[in-house]
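S.K.: turn this into a model:
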Amino acid sequence: MLDIITFGSATWDISLKISAKRVKDEADLILDRGIFFNLGSKIDVDDMYFSFGGGGINTATAFKNQNFKVAYCGSIGNDIPGKEIIEYLEEKKINSSFVVKKDKPTNNSVIFHIHDEDRTVLAYRGASELLSKQDIDWDKLKASWFYLAPLSGKLSSMTEEIIDFAKKQGIKVLINFGNSQLKMSKPKIKNILSKADILLLNKEEAALLTKVKYGKENQIIKEINKLHQGINVITKAEEGVIVSDNNNVYEAKLKRFKIIDKTGAGDSFGSGFLSGLIKSKGDIECAIKFGLVNSKSCLSVRGATNGLLKEEDNYLISKENIKIKKISI
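M.R.: Purely as a prediction, here's the structure:
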């Protein structure tokens, strides 16, 4: 019996460090700033780094670091990056028996890192989108928890299938809604949320789901609580997190720290939160602290999996002295 099975993408990440001189102001862009290259030129980069990523891999790594029995369920390409991902899972002792190979390249991301600027990602959504109902050995899909990282593109159509199965089998579910799930029909979203135990969103996604303006935070929380009766988690980047369990609303954040790489920020908080919740047997405040410190640990190094807390490092959680407030909305 597994503790957790994760679902989501498996990605080969290529991180490039690029000169800040490439950033220019441009009024025609949404954020008025962009990265510019001369067409047809050969562009030098200051540094580069290869790593594994994708929501399914990131979260499986975090759970394995906490000594949970974990498996990853997803699809990869029959190519070199796919082979490297399988070797990585086997090396980490993450169960890979639910991984299938497809005749499409493995997901790849090229991540631009520029000093004092947010990262920019070129994402190729390849084989991960091709996972189908027929690929999964449902009879062997047994665990205490399912962790659904954002299922993008065509893969989002599997969301309802997975959560319906979990409900019938008595498996608890944390679901991290992504943009593709937010575009599903209202009846599908309602069905999914009625069966999820934990809903994880960033503040922008929460605003889109509730159709409440981004700045009206209290109203967003109220509407989320109406849509989902379980535990609701809304991350706010450097501003911390808000968690509601329909009895209390908690707010917490870390002191400012130097961020090296934002890749995997949401995955590291969500996997840390669930790890803390399981280990503490349902203590929300413990889960919040665990999620925040796991996220900090991830953001403090390059790569989405490299900085994730290991069980022997959990003492760092108490050293952060995180203050959690109960708030009224």
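
S.K.: quick check: which element contains the most centrally placed residue in the chain?
M.R.: Taking CA atoms, centre = their mean, the centroid of the chain lies closest to residue 267, which sits 2.8 Å from it. Here residue 267 sits within helix 265-279, counting by DSSP states H and E.

S.K.: hmm, back to that, isn't the residue nearest to the centre of the chain up against residue 61?
M.R.: No - using CB atoms under 8 Å, residue 267 makes no contact with residue 61, being 9.0 Å away. C-betas here are computed from N, CA, C, even on glycine.

S.K.: helix, strand, or coil at residue 38?
M.R.: coil (DSSP: H, G, I helix; E, B strand; the rest coil).

S.K.: okay, it and residue 48: tell me how far apart.
M.R.: As for residue 38, its distance to residue 48 is 20 Å (criterion: CB to CB, to the nearest Å).

S.K.: how about residue 249?
M.R.: From residue 249 to residue 48 the distance is 43 Å (CB to CB).

S.K.: higher neighbour count, those two?
M.R.: It is residue 249, of residue 249 and residue 48, that has more neighbours when counted by other CB atoms under 10 Å, with 19 against 13.

S.K.: leaving out sequence neighbours, find the closest residue to the more buried one.
M.R.: Leaving aside its sequence neighbours, residue 249 sits nearest to residue 327 (CB to CB, 6 or more residues apart in numbering; 5.2 Å).

S.K.: what sits against that neighbour?
M.R.: Contact analysis of residue 327 by CB atoms under 8 Å, 6 or more residues apart in numbering lists 242, 249-251.

S.K.: again, but for residue 200
M.R.: 174-177, 233, 235, 266, 269-270, 273.

S.K.: ok so it is a strand residue?
M.R.: Yes - counting by three-state DSSP, residue 200 is part of a strand.

S.K.: hey, what's it bridged with?
M.R.: residue 176, residue 233 (DSSP bridges).

S.K.: where's it relative to residue 52, distance?
M.R.: Where residue 52 is concerned, residue 200 sits at a distance of 21 Å (CB to CB).
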